[in-house]
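Asker: Here is a sequence together with a model predicted from it:
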Amino acid sequence: MLRELAPGVFVETGYMGGNVGLVLSEQGALLIDTPLLPHEGRLWRGALRDLGVTSLYGIVNTDPHPEHFLGNATFGPTRILGHELTVRQVAKYRASGLEELANLYRERDPALADELAQIDVRGPELCIEDRLTLYLGDRRAQVLHLNGHTPASLGVYLPDERVLFAGDNVVNNEYPVMSQANSAAWLETLTSIQAMDTGIIVPGTGEPCGKECLEPLILYITELRERVGELFRAGASRRDCVEKVVLLERFPVPETQAVLVKRRKRENVERVYAEIRAAERRR
């Protein structure tokens, strides 16, 4: 569903890979992420046309996962911005990642699989290490490094509109994905977002929200780190932790997503276990 969050600032929450954003400016439209599936990319392009968008300033990819950047070519040629650590991960999709993704759809939708396999993968041309401020005529946009969900995660903050596109560092009312996370840095990022002057936070998935969506994430990641740490120090293996870590259910689990969420929770435990083991070995 397309929503206008502030004059000229939009989010589309209806695509499979997650939310995508649009910021209109005198220098052209700034896109935040692009849809994963080709047909959804074409739908988004049509929506931009309906909104009167005639030129693009560029695209910000908020992390190096395919649901954020695979649609870039649909909107080119235009400049693409991402964290400097994104470049190498995007390059893997040119080598083998596209075929692996296509194979996931091969049996149930061969036409989609063929289209995915032929995507022109385009990664960032302008790389950000810490932060970058864009002055787009009538609009200011700050691209911020927000370490946590991945080491290369970015957010786009509009200080005058008090809107933050937070990427997958924030998810609204669902369990986060932590397979490439730095959970300690993630907690620091969520705390820094709490201190920002924001009225609206656009999560990577889920409906736009206020700061109230941050506390459940902070509590979940904190509790996960504490419980896994206790078990690790007691001599538990990774498998032991997966079996023994039982946390409060902080987010709803739709029946249709029960298997997916179970796998995600297991992967989150495994990731935090690996982090804590590495930290202990460095001491």
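Answerer: Looks like it arrived, so ask away.
Asker: where does the protein dip in pLDDT?
Answerer: Low-confidence segments of the chain (pLDDT under 70): none present.
Asker: residue ranges of the strands in it, please?
Answerer: According to DSSP state E, the chain carries its strands in the segments 2-6, 9-12, 20-23, 29-32, 56-60, 79-83, 126-128, 131-135, 140-145, 154-158, 163-171, 200-205.
Asker: Can you tell me which of those is most buried?
Answerer: Neighbour counts (mean count of other Cβ atoms under 10 Å) averaged over each of these peak at strand 163-171, with a mean of 27. Every residue, glycine included, has its C-beta placed from N, CA and C.
Asker: Now do that strand: which elements does it pack against?
Answerer: Using 3 or more Cβ pairs under 8 Å, 6 or more residues apart in numbering; DSSP states H and E as the contact test, the elements touching strand 163-171 are strand 154-158, helix 183-195, strand 200-205, helix 214-233.
Asker: Which residue, other than its chain neighbours, is closest to the spatially most central residue of the chain?
Answerer: Nearest to the centroid of the C-alpha atoms of the chain, with distances taken as Cα atoms, centre = their mean, sits Asp168, at 3.1 Å. Of all residues not flanking Asp168 in the chain, Gly204 sits nearest, at 3.4 Å (Cβ to Cβ, 6 or more residues apart in numbering).
Asker: That neighbour and Gly155 touch, don't they?
Answerer: No: assessed by Cβ atoms under 8 Å, Gly204 is found out of contact with Gly155, at 10.0 Å.
Asker: which residues do those two both contact?
Answerer: Counting by Cβ atoms under 8 Å, 6 or more residues apart in numbering, the residues touching both Gly204 and Gly155 are Thr62, Ala166, Gly167, Asn169.
Asker: Could you save those residues as a markdown table and add columns showing distance to Thr13?
Answerer: Below are those laid out as a markdown table (distance: Cβ to Cβ, whole Å):
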| residue | distance to Thr13 |
| --- | --- |
| Thr62 | 15 |
| Ala166 | 14 |
| Gly167 | 14 |
| Asn169 | 17 |
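Asker: From these, pick the one nearest Leu112.
Answerer: Set against Leu112, the nearest of the shared contacts of Gly204 and Gly155 by Cβ to Cβ is Thr62 (24.1 Å).
Asker: And the nearest residue to Ala236 once chain neighbours are set aside, how far from Gly235?
Answerer: What sits nearest to Ala236 in space, not counting adjacent residues and going by Cβ to Cβ, 6+ apart, is Lys244, at 6.7 Å. Taken as Cβ to Cβ, to the nearest Å, the spacing of Lys244 relative to Gly235 amounts to 12 Å.
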